[in-house]
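Novice: predicted model and sequence follow; I will ask about them next.
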Amino acid sequence: MSEALHSFVVPAYGHSPHLRACLDSLRAQSLPSRLHLATSTPHDGLAEIAREYGATLTVHAPNAGIGRDWNRALAQADTPWVTIAHQDDVYLPEFTRRTLAAAAARPDAALLFTGYAELLGDSGAVRDATAMLRIKRVLLELAFLGRDAIARPGAKLRALRFGCPIPCPSVTLARGATPPRFREDLRVNLDWDAWVRRAREPGAFVYIREQLMLHRIHPGSETSAGVRDGVRAAEDRMMFDALWPLPIAGALARVYRLSYQNDA
């Protein structure tokens with residue numbers, strides 16, 4: 001039954017050493033989901049991995065960045081709910097069950113997301129109390145005010161005005177009549193931009209506070225690369241400029257940059 005409701009789509013980029021760990025976690029869910037792999041950078045063995053895990057595999061071209069990869073991956077799903085599972089991350093066994101239960105409780109949901117912790121490289125160490133994680137949890141509580149869901153545009157935007165506390169790998173989207181799309185000219189904040197656009201549309205944001213997935217932090221991630229080469233700082237400033245008067249936007253961008261540089 002759950003396989004008709006929910007899909008995981010995995011944008012497989014390059015030859016990630018963590019892909020199997022991600023797929024193992026998806027296959028170990030207490031409720032099964034459909035599983036799709038999509039890639040613009042195929043490699044020997046990827047088709048065999050897809051067959052091993054019972055996933056469909058779609059190869060697309062050209063390799064035009066993370067936004068294109070996410071959009072092409074989303075296009076593979078045909079279920080009402082879809083999660084973009086990042087290939088380096090791990091999903092705890094109750095992720096799908098708790099997400100679908102929350103979706104059933106809020107038929108107007110447009111976006112659901114769970115709590116998460118960070119998985120450090122290949123060490124297996126987990127951390128859940130960094131400065132950035134604390135800031136994100138405070139921002140979410142200020143927006144949700146103890147509730148599990150918010151539906152007014154002002155409340156949804158309040159969650160996003162001081163940064164992007166909604167963890168992209170934990171997000172499950174309602175496909176609806178018009179499936180969500182990400183901007184393909186952004187490298188880091190394409191999720192923040194998408195959530196802002198979603199916030200202005202009908203539909204509730206649902207917050208599942210349990211830590212139900214682990215987001216891997218490693219030097220090869222796109223987020224880490226974006227911090228190093230300045231792309232994240234530029235895209236953060238772009239988002240703050242769209243949400244605040246320019247003097248406030250500049251101050252917020254500086255504070256935000258210091259916090260993630262300390263945690264990167």
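Specialist: That came through fine. Numbers count the residues shown, from 1 in each chain.

Novice: so V9 sits right up against R72, yeah?
Specialist: No - judged on CB atoms under 8 Å, V9 makes no contact with R72 at a distance of 9.1 Å. Heads up, the C-betas are built off the backbone N, CA and C, glycines and all.

Novice: which of these two has more neighbours?
Specialist: Using other CB atoms under 10 Å as the criterion, V9 and R72 rank with V9 on top: 26 against 19.

Novice: kindly check the end-to-end length of stretch 30-44 for me.
Specialist: Terminal residues of stretch 30-44 lie 31 Å apart, using CA to CA, to the nearest Å.

Novice: pull out the buried positions in it.
Specialist: L31, S33, R34, L35, H36, L37, A38, T39, S40, P42 (16 or more other CB atoms under 10 Å).

Novice: report pLDDT for the first one.
Specialist: What it means is L31. Listed pLDDT for L31 reads 97.

Novice: picking that back up, narrow the buried residues of stretch 30-44 to those in helices?
Specialist: With DSSP state H as the criterion, helices contain none of those.

Novice: circling back to that earlier point, common neighbours of V9 and R72, please.
Specialist: Residues touching both V9 and R72 (CB atoms under 8 Å, 6 or more residues apart in numbering) are A38.

Novice: returning to that earlier point: as CSV, the buried residues of stretch 30-44 with distance to R181 would be great.
Specialist: Shown next, in CSV, are the buried residues of stretch 30-44 (distance: CB to CB, whole Å):
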residue, distance to R181
L31, 27
S33, 21
R34, 20
L35, 21
H36, 17
L37, 20
A38, 14
T39, 19
S40, 16
P42, 23
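
Novice: among those, which one sits closest to P153?
Specialist: S33 (29.9 Å; CB to CB).

Novice: next, the contact list for that closest one, please.
Specialist: S2, E3, H6, S7, F8, L26, T79, T83, T96.

Novice: find the nearest non-adjacent residue to it, please.
Specialist: Nearest residue to S33 in three dimensions, chain neighbours excluded: H6, at 4.5 Å (CB to CB, 6 or more residues apart in numbering).

Novice: show the backbone phi and psi for that neighbour.
Specialist: The phi and psi torsions at H6 (degrees, to the nearest 10) take the values phi -140, psi 140.

Novice: then D148?
Specialist: Torsion angles, degrees, to the nearest 10, at D148: phi -90, psi -20.

Novice: from R137, how far off is it?
Specialist: According to CB to CB, to the nearest Å, D148 stands 15 Å off from R137.

Novice: now swap in R20 and tell me
Specialist: Look at R20 and R137: by CB to CB, they are 31 Å apart.

Novice: equivalent analysis for M213, please.
Specialist: Using CB to CB, M213 is found at 15 Å from R137.

Novice: those two: which has the busier surroundings?
Specialist: When M213 and R137 are compared on other CB under 10 Å, the one with more neighbours turns out to be M213, at 23 against 15.

Novice: just checking, that one is part of a strand?
Specialist: Yes - using DSSP: H, G, I helix; E, B strand; the rest coil, the assignment for M213 is a strand.

Novice: on the strand side of things, show who it bridges to.
Specialist: On the basis of DSSP bridges, M213 is bridged to Y91, Y116.

Novice: show the contacting residues for it.
Specialist: Neighbour list for M213: D89, V90, Y91, L92, F95, T114, Y116, P167, P169, S170 [criterion: CB under 8 Å, 6+ apart].

Novice: which residues touch the fifth one?
Specialist: When you say that, I think you mean F95. Contacts for F95 (CB under 8 Å, 6+ apart) come out as Q29, T114, S170, L212, M213.

Novice: and for the first one?
Specialist: Each residue near D89 by CB under 8 Å, 6+ apart is listed here: H18, C22, L119, P169, M213, L214, H215, R216.

Novice: nearest to A103, of these?
Specialist: Among the contacts of D89, M213 lies closest to A103 (CB to CB), at 16.3 Å.
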